[in-house]
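Asker: Here's my sequence, what's the structure:
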Amino acid sequence: FFFANVVLSLTATNTTSKVTWDKYSLLINGERKFIFSGEFHYFRLPSPDLWRDIFQKMKALGFNTVSLYFSWAYHSSMQDDYDFEGIRDIEQCLRMAQEVGLYVIARPGPYINAEVDNGGFPGWLVNMKSKARQNNEEYEANWKEYFSAINPYIEKQQIDQGGPIILYQIENEYTYNVDANYMQALEEKVRADGIVVPTIFNDAATLRNFANGKGSVNIYGFDSYPVGFDCSNPDSWPLKTPKIFRLFHQVTNPSEPLAIYEFQGGAFDPWSTICSGGPGYGSCRQLVNERFAKVFYKNNYAHGATIHNLYMAYGGTTWGDMAEPTVYTSYDYGASISEPRMMTAKAYEVKLQATFISTVKPFTSTDHCTSLSTNLAILVDSLQDPNTKTQFYIAQHLIASSLSVSNFNIFISTEDGRYSIPAKKGTYLTLDGRDAKIITAYYDFGSQHLVYSTSEIFTHIVQDSRDVLLVYAYEGHAGEIALKYPSGSANLTCSSSDVSSDYNNNVLQVNYHHPDGTNPICVSSPGKDLLILVAGYESATKWWAPEIAPDERVLISGPYLVRNASVKGSTLSFYGDIDQDTSLEIVASESIKAITWNDQALQLRSTSYGTWTSFIPGPSADITLPDLSKLGWKFSNASPETQLSFDDSKWMDANHTITNSPYKPTTYPVLYGDEYGYHYGSLWFRGTFDATDSVTNIMITASTGTGGAWIAWLNGEYLGGETTATGTFAIDKALLNADGKNVLALLAWTTGHEEDGAADDTYKQPRGFTDVSLIGLKPDGIQWKVQGCNLNGEDIVDKVRGPYNEGGLYGERMGWHLPGYPDSQWNSVSVPDDRNRTGLSWYRTTFNLDIPENYDVPIGVRFEDNISKRYRAVLFVNGWKLGKYANDLGPQRLFYIPEGILNHNGLNTLSIGVVPLDNSTSIGKVSLEAYGTLLSSKGATTLVNSPNYDPATRF
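Answerer: Predicted coordinates for the structure are as follows:
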């Protein structure tokens, strides 16, 4: 053991002068850093101005790092063609992160998983003959093409080049069917492309893949999702928090920091049915709520994790046809920041933890020690910083899912002596069910020496004449703080009536109970005085501690969000958001003479204990959204492809008799959309044949993905719509043109390609039809045509919105979803529509918004209808596909429309394509809905510059 630790002390390794590491943590420019990171996907928020909004919120919550997946498919609709402009401008994204003050973990894949189509592989890769994620010439040529395109952007944004990137991930959860030669080739390419920051790898679990040996990275880590993804049972927790992380780290990579590159920050939710499936993200938020964060995140710290990335910090929207089949459009994920960019209870808990970690520096470099509690139901992990000797005691229930309230004492031994805490007779530490605490001992801050605090520390600041410490616990819980004053006595000069103190052996012991709000305790001592702010938990969540300079903070209580603060001269300026009338309390330097909120001067009152109070009126504007049911709607039939007379001469012949796909069809020709360059969204196939009296049945097997569907028509007559893979239809002879042309029209409503998590080419599962048999007709007796997404397949028409935005529906191909389409000759209708429409239908309307300046009002579109009606729908706003709706599945009924796509101060075009699975259907109520109303310093959001209808690009 001694020899091993000597070796560890000598093996702090680095690849760059800017980012180094040892067994405790990263060091950036020589300064030890706890990497408190959150995942964000720029491709799930197609409004670049809102990236800054998310980054500001992350920074305000205490994150110091953002982890970014880069999606190969998002940037490449076809081979040798890459787009890094507009909503794909990753350089702008990286600059924004840096401007806000966040480091970046770059995760470019090539494979990313992420519940996106193909796991992030581009559609065109599906037709590759060779296996992906293996060392072979064909795949290597493809991923090297991608890396050569994206790595130059990453290279110049490394911290060594003055950018924010501190780590670069190789591959993603590459755990099964692994090929070390492939990993080695990736790393060699990365280094050849000028990447000098440490490389990392996220094992899917504690499995030791690429921790050492060929293909290994600089800093190995793993992912962990301990409560899983069953949001239907949101109160179901495992019995215990993970207990192997520390030991696994010591055995696997003890000279590197303990890194958890994805820890559960929420859960994804699948399509649902009446009987099973996803309940919606409200339940996911309950499953992975603030109490989960309290218990499971603090357990990770107890094991020594100092690279800690929450997946997700903000989930966003899997818009267009980006999703893989498991998930629907919303990717809210139950994350700290909700899909419409709103704060959650978990966000505030994350803020409490992250602010503590960044404030109390010794927490970043600790060794594990033994500790005891008086209650066998309580597990206590003891950590000690070897330099300062500061100790931390992390207490949790031995049974993580316990709902019991437990009282206990802890035995501690520090440089100050041995104590049983709390020391006051008849008092205890209290741990509610599904709770955990971090107790700090032997800690110096400002001019104070803390012997211990049984209350958790939020933060502390230094003022000219005093120090300030803010602590918290659940309301009603007892607290005890001990402070050492060796040079003389100390006493309380302000406190509430339930506070008591005792001074003995140079130690001042203060006892109190946590209130419903925040109460002051003033300590006078021979040195600097101390103000202790004792907060109840709900009050603590409303305190913010923005930095005004490195390691220099101010405190403000009350606002919904404090984005940042700054000092100029004697004026302190805060910027943030409020959701209601808000009372403020502010703690700052005595040199401050004026305070502003969003550039408006505050009327200040001084308290008896040296803080300021003020008040901000909440949002007062009457935000009334248009009633869509009272607007004029336009309607058109939208499935001419079903008709015998439809001209498909410009469609591609579907005549392939061989395929590179490992999933071979039962009948030929190959009727897979990918085979012909159509990778996303709905697919049309038209088969022409001459009938004979012997044709009796049509047997069809489709492959559309979970939540997918398909529909068949014969000579314009509806045969049936299915949500299962197979269907058989008896042929009514009267439908056939016995002496002439007959057309079988098939529509596949697809929900994306599978991921490739096991590196077994699962992502190549086809979308289309694996078997179409006309019983009584020779196999070669039918000639097929195919039409799919983006008109020209991989050579997309709309390069701004990109490859995911348009499928193969007639309305999509004709541009009916775009602003400016001339629909004046269409029929006028109302929505809800009281008439059943045969075949596909298309609805269009326009509406104006006028959201007042300095208001942030996230808005969505809601569908309401009888779930017995079987239909699917595509939702377009201003030409952007922001929703794929399944009326008979759910659970999603409300679709978020990001500002910048939605014009909050002008005209908007709403377009809906309805795909009935039965012969006919009608659409129900469609409405606009606000998620909340904030007075905000977010700033203006620029409209994304995207094309309107142009007849020259449509056919």
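Asker: so the residue nearest to residue 775 when sequence neighbours are not counted bridges to which residues?
Answerer: Counting by C-beta to C-beta, 6 or more residues apart in numbering, residue 697 is the residue found nearest to residue 775 once chain neighbours are left out, at 4.2 Å. (Each C-beta comes from the backbone N, C-alpha and C, glycine too.) The bridge-partner assignment for residue 697, based on DSSP bridges, gives residue 730, residue 775.
Asker: mind checking pLDDT for residue 697?
Answerer: pLDDT for residue 697: 94.
Asker: now residue 17
Answerer: 75.
Asker: Shouldn't it be within a helix?
Answerer: No: counting by DSSP: H, G, I helix; E, B strand; the rest coil, residue 17 is not part of a helix but coil.
Asker: Just give me the neighbour total for it.
Answerer: When neighbours are counted by other C-beta atoms under 10 Å, residue 17 registers 11.
Asker: coming back round to it: from memory the residue nearest to residue 775 sits against residue 727, does it?
Answerer: No: if you go by C-beta atoms under 8 Å, residue 697 and residue 727 don't touch, sitting 10.6 Å apart.
Asker: how about the helices in the stretch 801-950 of the chain?
Answerer: According to DSSP state H, counting those that start in this stretch, the stretch 801-950 of the chain carries its helices in the segments 810-814.
Asker: mind listing the strands for it?
Answerer: Applying DSSP state E, counting those that start in this stretch to the stretch 801-950 of the chain gives strands spanning 827-829, 837-838, 841-850, 855-856, 859-864, 871-877, 880-886, 894-897, 905-916, 920-921, 925-930, 934-935.
Asker: Tell me which of these lies nearest to residue 147.
Answerer: Nearest of the strands of the stretch 801-950 of the chain to residue 147, taken as C-beta to C-beta: strand 880-886 at 29.2 Å.
Asker: got any ranges where the stretch 1-150 of the chain has weak pLDDT?
Answerer: Across the stretch 1-150 of the chain, the ranges flagged by pLDDT under 70 are 1-16.
Asker: 50 instead?
Answerer: Residues of the stretch 1-150 of the chain meeting the criterion pLDDT under 50: 1-14.
Asker: Show me what the nearest residue to residue 599 once chain neighbours are set aside is bridged to.
Answerer: Nearest non-adjacent residue to residue 599, counting by C-beta to C-beta, 6+ apart: residue 573, 7.1 Å away. Listed by DSSP bridges, the beta-bridge partners for residue 573 are residue 566, residue 596.
Asker: Quick check, pLDDT for the residue nearest the centre of the chain.
Answerer: With distances taken as C-alpha atoms, centre = their mean, the residue of the chain nearest its centroid is residue 315 (2.4 Å). pLDDT for residue 315: 98.
Asker: sorry, back to before: ok, which of the strands of the stretch 801-950 of the chain comes nearest residue 339?
Answerer: strand 894-897 (5.0 Å).
Asker: Do I have it right that residue 796 meets residue 83?
Answerer: No: the pair residue 796 / residue 83 is not scored as a contact, 9.8 Å apart, by C-beta under 8 Å.
Asker: Give the residues shared as contacts by those two.
Answerer: Common neighbours of residue 796 and residue 83, using C-beta atoms under 8 Å, 6 or more residues apart in numbering, are 77, 802.
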